[in-house]
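Asker: fold the following.
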Amino acid sequence: MKTILGLSGSLRKASFNAGLLRAATELAPKDTRIEIGSIVEVPLYNGDVETAEGLPAAVLTLQSQLQAADGLLLVTPEYNNGIPGVFKNAIDWMSRGEGLKLFVGKPVAVIGASPGGFGTIMAQNHWLPVLRTLKCDLWTEGRLMVSRAGGLYDEAGNLTDDKTRAMLGDYITGFAASL
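Answerer: Purely as a prediction, here's the structure:
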C-alpha cells in the first residue's frame, strides 16, 4: 500500500483546501492511502525555542508521518498571491533537525483551491523555490488549480462538484502511479 501524507495549508476546518484534501482521500486509488496531517498545533518558528526545548511535538509528529510516507501532497491556499505564512512555517519547522533529509528526493505534488478566478497559480509557483531548496522530487505531470471554489463546496467545506472531483481523482491517480 502506498501512503501519501496530505497537508492542507489552511487552519479552518471548512476551508476549501481542507475539503479538497478530504476529497482526495476519498478518490485515491485502492492501493493508495492518503494520511491527513495537521499543521494546526505547529507554533511560529523561533530558533530560541528550538534551541531551548527542541522540536515541538506537532513537528515531530509531522516528521514521523513524512518519513513513513511515499509522497507528500501540499494542498495550498493562496493568500495575497502567495504561500500562506502558516503553511510555510509548518514546512520550515518540519525541515529542522533531522527533518531536512526527509524531504530530499521525496515525491511532492501541489494543488489548491481558491474563490478567485485563477485558482492558486501564484501560491503553487511560490512553492517551487522552497521545494527545490528542500531537494524534493516535484511531480509535474499534472496540475490542479480549483478556481471559483465558492460554488463547488457545501456549507461544511466538502467538495461536491462532480467535474472537479473527477479532475482531482485523475490527478491523485497520476501522482500515486508515479510513486
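
Asker: compute the first-to-last residue distance for stretch 135-145.
Answerer: 23 Å (C-alpha to C-alpha, to the nearest Å).

Asker: that stretch: which residues count as buried?
Answerer: By 16 or more other C-beta atoms under 10 Å, the buried positions in stretch 135-145 come out as 136-137, 139, 144-145. Every C-beta, even on glycine, is put in place using the N, C-alpha and C of the backbone.

Asker: and the furthest pair within these?
Answerer: Asp137 and Met145 (20.7 Å; C-beta to C-beta).

Asker: residues in contact with Lys135?
Answerer: 103-105 (C-beta atoms under 8 Å, 6 or more residues apart in numbering).

Asker: out of these, who's the most crowded?
Answerer: Counting neighbours by other C-beta atoms under 10 Å, the top entry in these is Phe103, with 20 neighbours.

Asker: other residues contacting the longest helix along the chain?
Answerer: For the chain, the longest helix by residue count, based on DSSP state H, is helix 162-178. Helix 162-178 has contacts (C-beta under 8 Å, 6+ apart) with 2, 4, 20, 23-24, 27-29, 31-32, 34, 71, 73, 107, 109, 111, 139, 141-142, 144, 146, 152, 159.

Asker: if we can go back for a sec, in strands only, show me the contacts of Lys135.
Answerer: Using DSSP state E, the subset of these located in strands is empty.

Asker: dump those residues to CSV, plus pLDDT and distance to Asn89.
Answerer: Formatted as CSV, these follow (pLDDT from 0 to 100; distance: C-beta to C-beta, whole Å):
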residue, pLDDT, distance to Asn89
Phe103, 98, 15
Val104, 98, 20
Gly105, 98, 23
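
Asker: redo those residues as a markdown table? Include distance to Met167.
Answerer: Shown next, in a markdown table, are these (distance: C-beta to C-beta, whole Å):
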| residue | distance to Met167 |
| --- | --- |
| Phe103 | 27 |
| Val104 | 30 |
| Gly105 | 27 |
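
Asker: isn't Ala14 right up against Ala156?
Answerer: Yes. Counting by C-beta atoms under 8 Å, Ala156 is a contact partner of Ala14 at 5.7 Å.
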